[in-house]
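S.K.: quick one: sequence and predicted model below, then my questions.
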Amino acid sequence: MRHSHTVNILLSTLTATSLFGQTLPQPTLRATALEHAVLVLWDSTAQSSNAFTGYRLYRGRVISGPYAMIREWKRTIQGSISNQFFDIGDDNGDGTVTLDERLKNNVEYYYRVSAFSDSSYNPPRPFIESVSQVVSATPVPAARDVMNGTISLVEESGARGDIGVPRFEVTNVGNFDRLHAGHRLTVAVSTISTGSSYLFPVTVSDGAYPGESRFIMDFSLSSAGDSVSPGIRQGTFAKDNLFDFGSLAVMFNWRFEQLRNPIGLDSAYLAVRRNDSTDTPIIYRDTVVAPYVGVLSRMRTLGEMEYEIEFLPGGIDTVNLSSNRLFHYLNVGIRERKTGRELRPGGVPGSQEVPDIGQWTVSRWGFDAATGASIDTRRAVNRYYVATTLDSATSYIFSNAFYIEGTRFVCDYADQGRGIGRPWPRVGRRGTRDFSVGDKIIVVVSGGVRGVLPFDAVYSFAVGQPSKNPGTSSMLNDIRIVPNPYIVRHEAQRFPSERRLLFQYLPEECTIRIYSLGLELVRTLYHQGGGGEEWNLLNEKGSLVASQLFIAHIETPNGAAVTKKFAVITGE
């Protein structure tokens, strides 16, 4: 039997150097032989060079060449670039592989990859190409009596929501085992809002490879409500050809209720009161689904939710000691009650009103209690500033606005009805006692979609090792003998004098007995390992057989058997 192998032949031992002294390290290449495919991977060392522009991948049929470039990658503005390629023979990259194009089993292919510097860049740079060593791989079918390793969920984090745990389906057992056996698969699912609908980005990764599969699930769920066709919506989403390897698919069950009304802030109220006299006005009537236009406001509103804000011990913000400006504040913690997830605080990019990162932020505006004049208190973000009395002549009052996943409400102790930007309604009274440690506010967002939308859900799956499945006569019917008829020589032969007739899609262990039409035993082959075996057209005495028809009787150790006919034309 001929096994796939890798040949390392160094074409160049020196790192490519430009006229300006820029260097490009040579990529280190490796290849994995699969069924009608080869996975080629290389390291990212060259990407650290200032001269680096991209990679070019070449394939040849003999080690000495010629080599044809089959792919080119250039560094993007974001800096991401491929470090792997799944070669199935689609040289023109049109996504369609005909039988003539696809890589052939038992045929040896040679690869090399180069890091290059493109002279068209600005400022101009000399063209450099640093070529890797050559590696070879021979695609072979896997044994047909091998079962793929089990895929088991071992860890889960984040908020799953009403999208079910992902399920995998193996679509090519042999390639799946060679690509993923013993590895860890990770699936990440989250939610974004376009301002009118919800989308669910998914990333699937295998820690052994640099590439990922990224896609978007769109269930036509509207955050703006649907008065025409509200109701339960459910289904199964499937994505095949993960990693472009052609061996694995993933599926998700989902179920949500589309509501008639658009999403908006329903209410905000004091749920736990540690201070019996707390009467700070809570303003939420001005806050609707999208108080601001743009990505920063709408991308985080995640359907019907209930948020719990807890006031925590804080401290004193020393703004200006000489002017006696000492402001008391409380820290805050926010969690989503349905899922129990703790929300991450964010920042304020150039505006006190729009959050930058995380899921929530707090902005505040300070006023002199005696005159109502504004004072500068923009110090640290995400602190709730409370009414502060220093002496009989010095007292400060505050308005604090909360922004939680794109929704705003205001705790307006100062009853000023304003901050930086858009104002809000005044209630006609100022608070007399502010919030204190242990107080809790519940914020209810309703409308749009009912159900828990996933947030930073991450699933980790362990892939087991393959196991053996007893061979059956039905399974043996898939065995192919190629080429049939055998005529002089064919593509799988490396040299004119080499004769190779191939048995493909075999079980892992079997005996192949080749007979003439007169049932005279010509040759016995004992196959073990993999899904392919070859015959050199020699009989038991070591002589080349004559052109004729043959019968192959193939039998497994457990007694399953099949008989196949084939022809040989030697030309001699």
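M.R.: Nice, I can see it. Numbers count the residues shown, from 1 in each chain.

S.K.: so who does Asn83 touch?
M.R.: Taking C-beta atoms under 8 Å, 6 or more residues apart in numbering, we find Asn83 in contact with Leu41, Trp42, Asp43, Ser44, Tyr55, Pro210, Gly211. For glycine as for every other residue, the C-beta is placed from the backbone atoms N, C-alpha and C.

S.K.: does the first one really touch Thr28, like I thought?
M.R.: No - with contacts defined as C-beta atoms under 8 Å, Leu41 does not count as touching Thr28, sitting 9.3 Å away.

S.K.: who has more neighbours out of those two?
M.R.: Leu41 (21 against 16; other C-beta atoms under 10 Å).

S.K.: okay, and the beta partners of that one?
M.R.: Beta-bridge partners for Leu41, by DSSP bridges, are Arg30, Gln84.

S.K.: how much space separates it from Lys468?
M.R.: 28 Å (C-beta to C-beta, to the nearest Å).

S.K.: ditto for His328
M.R.: Shown here: His328 relative to Lys468, a distance of 71 Å by C-beta to C-beta.

S.K.: Thr389 now?
M.R.: Distance from Thr389 to Lys468, by C-beta to C-beta: 80 Å.

S.K.: also Leu519?
M.R.: Leu519 sits at a distance of 32 Å from Lys468 (criterion: C-beta to C-beta).

S.K.: those two: who's more crowded?
M.R.: Lys468 (12 against 8).

S.K.: that one against Gly529, yeah?
M.R.: No - using C-beta under 8 Å, Lys468 makes no contact with Gly529, being 11.8 Å away.

S.K.: that older thread, out of the contacts of Asn83, grab the one that's most surrounded.
M.R.: Most neighbours among the contacts of Asn83, by other C-beta under 10 Å: Trp42, with 26 neighbours.

S.K.: all helices for the chain, in order.
M.R.: Counting by DSSP state H, one finds helices in the chain at the ranges 173-180, 295-298, 473-476.

S.K.: most packed of those helices?
M.R.: With neighbours defined as mean count of other C-beta atoms under 10 Å, these peak in mean count at helix 173-180, which reaches a mean of 23.

S.K.: what about that helix, average pLDDT?
M.R.: Helix 173-180 comes out with an average pLDDT of 92.

S.K.: again with stretch 141-159
M.R.: On average, stretch 141-159 scores 91.

S.K.: please state the backbone phi and psi of Arg260?
M.R.: When read as degrees, to the nearest 10, the backbone of Arg260 gives phi -80, psi -40.

S.K.: identify the residues contacting it.
M.R.: Gly225, Asp226, Ser227, Pro230.

S.K.: one more pass at 10 Å, please.
M.R.: Residues in contact with Arg260 (C-beta atoms under 10 Å, 6 or more residues apart in numbering) are Gly225, Asp226, Ser227, Val228, Ser229, Pro230, Gly231, Gly447, Gly448.

S.K.: please apply the same query to Ala142.
M.R.: Ala142 touches 34-35, 148, 172-178, 466, 505-506, 508, 530-532, counting by C-beta under 10 Å, 6+ apart.

S.K.: go through the contacts of Asn83 and flag which are in strands.
M.R.: Counting by DSSP state E, these place Leu41, Trp42, Tyr55 in strands.

S.K.: same list, those, but as JSON lines with distance to Ile487 and pLDDT please.
M.R.: As requested, the ones in strands among the contacts of Asn83 are exported to JSON lines (distance: C-beta to C-beta, whole Å; pLDDT from 0 to 100):
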{"residue": "Leu41", "distance to Ile487": "37", "pLDDT": "95"}
{"residue": "Trp42", "distance to Ile487": "39", "pLDDT": "96"}
{"residue": "Tyr55", "distance to Ile487": "40", "pLDDT": "94"}
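
S.K.: so which residue of the chain lies furthest out from the middle?
M.R.: The centre of the chain is farthest from one residue, Ser392, which by C-alpha atoms, centre = their mean lies 60.7 Å away.

S.K.: got a pLDDT number for that residue?
M.R.: 78.

S.K.: quick one: it from Gly448, how far?
M.R.: 50 Å.

S.K.: swap in Met305?
M.R.: Going from Met305 to Gly448 by C-beta to C-beta gives 10 Å.

S.K.: who touches both of the two?
M.R.: Common neighbours of Met305 and Gly448, counting by C-beta under 10 Å, 6+ apart, are Ile263.

S.K.: tell me the contacts of Leu57?
M.R.: 27, 29, 40, 42, 67-73, 82, 84-85, 87, 111-114, 132.

S.K.: show me which of these are buried.
M.R.: Neighbour-count burial (16 or more other C-beta atoms under 10 Å) is assigned, among the contacts of Leu57, to 27, 29, 40, 42, 67, 70-71, 73, 85, 87, 111-114, 132.

S.K.: most widely separated two among those residues?
M.R.: Tyr67 and Trp73 (16.9 Å; C-beta to C-beta).

S.K.: on that earlier part again, of the contacts of Arg260 - the most surrounded one?
M.R.: Greatest neighbour count in the contacts of Arg260, by other C-beta under 10 Å, goes to Gly448: 31 neighbours.
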